[in-house]
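Participant: return atomic coordinates for the entry below.
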Amino acid sequence: MTTRLDTEPRLTQPGQSGGASRDGAMSAILAIAIFVGIVGAWQAVAAAKLVSPLILAPPGEVVAVLFRLAGDGTLWPNLLATVNETLLGFVVAVVAAVLVGSVFAFFPILRNAVYPYILISQTFPKVAIAPLIVAALGYGLAPKVVLAALLAFFPVLANTIAGLTEVSEDEVSLFRAMRASRWQELRYLRVPNALAFIFPALNSAAVLALIGAIVGEFVAAREGVGYAIAQYTVTGEVAATYAMLIALSAFGLVVYGVLSLAERLVRRVK
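Facilitator: Numbering: from 1, shown residues only. Here you go, the predicted model:
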């Protein structure tokens, strides 16, 4: 009887692993099928000229232009500028949001007094205040970083507060019954709980930081993907515009992969 109970988990583990592998394979196949379907529909619509060539360029032309821009050195300086602005804004936003969120979590009086003003600030359309930020900070790197940070700040702040405060009362009581210090409660209970809230917010924050950087480049810039897109739109180079958007998408996928890897590593260490 004991032997059978001990071996049952071992018998189910390979099946569970196989099921997870099958699910992963099916997800990958479905993702590829969706990609092929999108590209196929895109090519069909472009070939049939259901949409004006001034709006939709054929995928083959877009890929050719993308390789040309990468080869002649047009793509990389602009992409690098946008990457720098996005990453700097993202880092600033995450550090500020975690620090402010930690203070708010442990000082509810301060949180109740200040948090409504932060919520009000989020209602301001960043496109509308972007010219004001540019006028105040100039045409360099600073306004793009500020815009990226402003857009990325709130999701991380809200999730940090939630992760540090929404802890089971039973777990808190257990830690205090064991006479754990405040630092031990923070290190072994609240921070691990907060990480489960913060990491999902990082993906949203990264996307918002990228949007903020692009908005800043639309308003005032001498380089960057947003600047290049604005120039190509004015000159009617539709394929080049799509090529830049594809480069942005590739950067977004890289950021998502890095954040997912970081989350797995942190969870493993934790």
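Participant: I'd say Phe104 and Ala113 touch.
Facilitator: No: here Phe104 does not reach Ala113: they are 9.9 Å apart, not a contact under CB atoms under 8 Å. Quick note: C-beta positions are derived from backbone N, CA and C, even for glycine.
Participant: more neighbours: the two, which one.
Facilitator: Neighbour totals were compared for Phe104 and Ala113, and Phe104 leads with 23 against 11 (other CB atoms under 10 Å).
Participant: ok, now which ones touch the closest residue to that one other than its chain neighbours?
Facilitator: Nearest residue to Phe104, sequence neighbours excluded (CB to CB, 6 or more residues apart in numbering): Arg111, at 3.7 Å. By CB atoms under 8 Å, 6 or more residues apart in numbering, the contact list for Arg111 reads Phe104, Ala105, Ile161.
Participant: the last one contacts Leu99, doesn't it?
Facilitator: No: the pair formed by Ile161 and Leu99 falls short of the contact definition of CB under 8 Å, at 11.8 Å.
Participant: mind pulling up the pLDDT for the residue nearest to Phe104?
Facilitator: Per-residue pLDDT puts Arg111 at 90.
Participant: cool, and Val269?
Facilitator: 66.
Participant: with Ser17 instead?
Facilitator: Ser17 carries a pLDDT value of 54.
Participant: next secondary structure after the lowest-mean-pLDDT helix or strand in the chain?
Facilitator: When each helix and strand of the chain is scored by mean pLDDT, DSSP states H and E, helix 2-48 comes last, with a mean of 72. Downstream of helix 2-48, the first helix or strand assigned by DSSP states H and E is helix 59-71.
Participant: secondary structure element for the nearest residue to Lys144 once chain neighbours are set aside?
Facilitator: With sequence-adjacent residues excluded and distances taken as CB to CB, 6+ apart, Lys144 is closest to Gly216, at 3.6 Å. Using DSSP H and E, Gly216 sits within helix 191-219.
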